[in-house]
Every structure is written in structure tokens, then in C-alpha cells.
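Q: Here is my input, please return the structure:
(one chain, ligands or ions: 1)
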Amino acid sequence: MYSFIPLEFERRSVESQLQRARDFFNLMRRRRTVREFSPDPVPFELIELAIRTAGSAPSGANQQPWHFTIVSDREIKRRIRFAAEEEERENYSGRFPDEWLEVLAPLGTDWHKDFLEIAPYLIVVFKIDYGIEKQPDGGERRIKHYYVNESVGIACGMLLAALHNAGLATLTHTPNPMGFLSEILERPKNEKPFLLIPVGYPAEGVKVPDITKKTFGEIADLKSKVV
Ligand code: IYR
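A: So this is what the prediction gives:
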């Protein structure tokens, strides 16, 4: 009744595994969040392929609780910018506690969000909190979704990796609160905005914060049998 199919899996030599793993690490460690974009156009197929990559992510019960709205329309980008700046202006001028502003300082962020209009594409990721099944009597039944945040987080990681691999710059922007995105983009009530990702080429000569990642020793530990 439930069918299973053979796994497509290629077992590689260890040398080839190491080569690929090193190459991928060297690619990914060069990804940096960029806050200044070039208005240069980006081929739509690059965006589509990255979203299809994200859509291949694992998810709780394979419910795929995500929706990606791709915005290239100037007027919609402008509306999103103004709504985001309105929220962020409040955040930076009193709504964020000092403790939060202190950890943000090295990133050089403020309420200005020009990139929302300049980047050729905005990808707005929505999480689908529950499914809606139409009933024959015209009513609706809610379908519970499992591990929504984990699933959408994984898909976003794959999306950022795919866009970086495609030679594009991204910014993980989290205007707060982001309810305005549901209104502007006309998404249904069972979906909530999760992440707003401007995508494009970096502006000429753009600089990024001089910050580093934790070392392997700081982020991992190994429990290994001593033999
Ligand atoms: N969402 C705000 C503030 C902000 C918060 C964190 I945590 C960051 O890593 C960066 C920014 C904004 O986008 O300005």
C-alpha cells in the first residue's frame, strides 16, 4: 500500500569524498551576508533552481510547510521597504533593548533598508503553520503540521547555500514584526512570514563586517571510544 523505491546513491572513494567536502567547505565559508546590492538583473532561472533546491529539503512528515514568494515588482518592493523601515525605525529608536543593540553594533545595521528596493529579487519565505482541507459541506478542517520551524529553517539553509553556489549574494533579513508581508503579498492566514531574503549581485566595492566564525573546537565536541 505504501510504496518504497531504491535509493539513488553513489558510493565514492574516500579521496573523492574528501575533495568534494573540502571544496564545498571552501565555497560555503566564503558566503557573507551583504547589505548593499547592485541593481543588475539576475536570471530568473537561478532563483527558480535555488528555490527548487530548498524545496528538496527534508521536513516533518514530508509536509513541506513552506511557501516562497518571489518579488521583482518595483512597486511591491517599495511598499515592503517602507513597511519594514517603519518597523525598524521603532526598533532602533527604543523598541530594541540596549542589550540587543549592543550585539548588533558590530554588524553596522540600522533602520535604513534601501536594499529592499535595490536588490533585483526579494524571496519572502513563509512557514505554513497548518494545512487547510476543504470539506464537502463547505467547511474547513485543519491539518496539523509537525516540526514547522525546524523544517523551514533547514529549507532556508539549503536556499542560502544554493544561491551562494549560484554566485549570488543574499541577506537574511528579519524585519520585526513582519506581519506586513502577509498583507502586502496577500498570503493566507495559515502562513506566517519566516525570513525575507534580498538576492542579487553585491554592490561594487561593498565592505562586510570584520567578524569571524567560531572554531571547530568551539562549536563541536567529540565523544570517542579510546581504544
Ligand atoms: N531585524 C533587524 C535587526 C537585526 C537583528 C539581528 I539578531 C541581526 O543579526 C541583524 C539585524 C534588522 O534587520 O535591522
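Q: Val42 - nearest residue in space that isn't next to it in sequence?
A: Spatial nearest neighbour of Val42, excluding adjacent residues (C-beta to C-beta, 6 or more residues apart in numbering): Pro120 at 4.9 Å. For glycine as for every other residue, the C-beta is placed from the backbone atoms N, C-alpha and C.
Q: burial measure for the one you found, as a count.
A: Burial of Pro120 is recorded as 21 neighbouring residues (other C-beta atoms under 10 Å).
Q: For it, give me its contacts.
A: Neighbour list for Pro120: 37, 39-42, 72, 199-200 [criterion: C-beta atoms under 8 Å, 6 or more residues apart in numbering].
Q: go again using 10 Å as the cut-off
A: Shown in contact with Pro120 (C-beta atoms under 10 Å, 6 or more residues apart in numbering): 37-44, 47, 71-72, 77, 168, 198-201.
Q: got the CA positions of the top strand by length along the chain in CSV?
A: The residue-count maximum for a strand in the chain (DSSP state E) belongs to strand 191-200. C-alpha atoms of strand 191-200 as CSV (Å, rounded to 0.1, in the frame of the first residue of the first chain):
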residue,chain,number,x,y,z
GLU,A,191,1.0,31.1,6.6
LYS,A,192,3.4,33.3,8.7
PRO,A,193,6.4,35.2,7.3
PHE,A,194,9.7,33.4,8.3
LEU,A,195,12.5,35.2,6.5
LEU,A,196,13.0,37.9,3.9
ILE,A,197,15.9,37.3,1.6
PRO,A,198,17.1,40.0,-0.8
VAL,A,199,19.1,38.4,-3.6
GLY,A,200,21.4,39.9,-6.2
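Q: State the distance from the residue nearest the centre of the chain to the ligand.
A: Geometric centre of the chain, nearest residue: Cys156, 3.8 Å, by C-alpha atoms, centre = their mean. Using C-beta to the nearest ligand atom, to the nearest Å, one gets 14 Å for the distance from Cys156 to the ligand.
Q: And for Ser224?
A: Going from Ser224 to the ligand by C-beta to the nearest ligand atom gives 34 Å.
Q: ok, that residue - how many residues close by?
A: Residues near Ser224, counting by other C-beta under 10 Å, number 6.
Q: How about the secondary structure of it?
A: coil (DSSP: H, G, I helix; E, B strand; the rest coil).
Q: just checking, what packs against the helix or strand that the longest strand of the chain is followed by?
A: Later in the chain than strand 191-200, the nearest helix or strand by DSSP states H and E is helix 216-219. Packing partners of helix 216-219 (3 or more C-beta pairs under 10 Å, 6 or more residues apart in numbering; DSSP states H and E): none among the helices and strands.
Q: secondary structure element for the residue nearest to the centre of the chain?
A: Per DSSP H and E: helix 148-165 holds Cys156.
Q: Give the other helices and strands that that helix contacts.
A: Counting contacts by 3+ C-beta pairs under 10 Å, 6+ apart, helix 148-165 packs against helix 14-28, helix 44-54, strand 66-71, strand 121-128, strand 169-170, strand 191-200.
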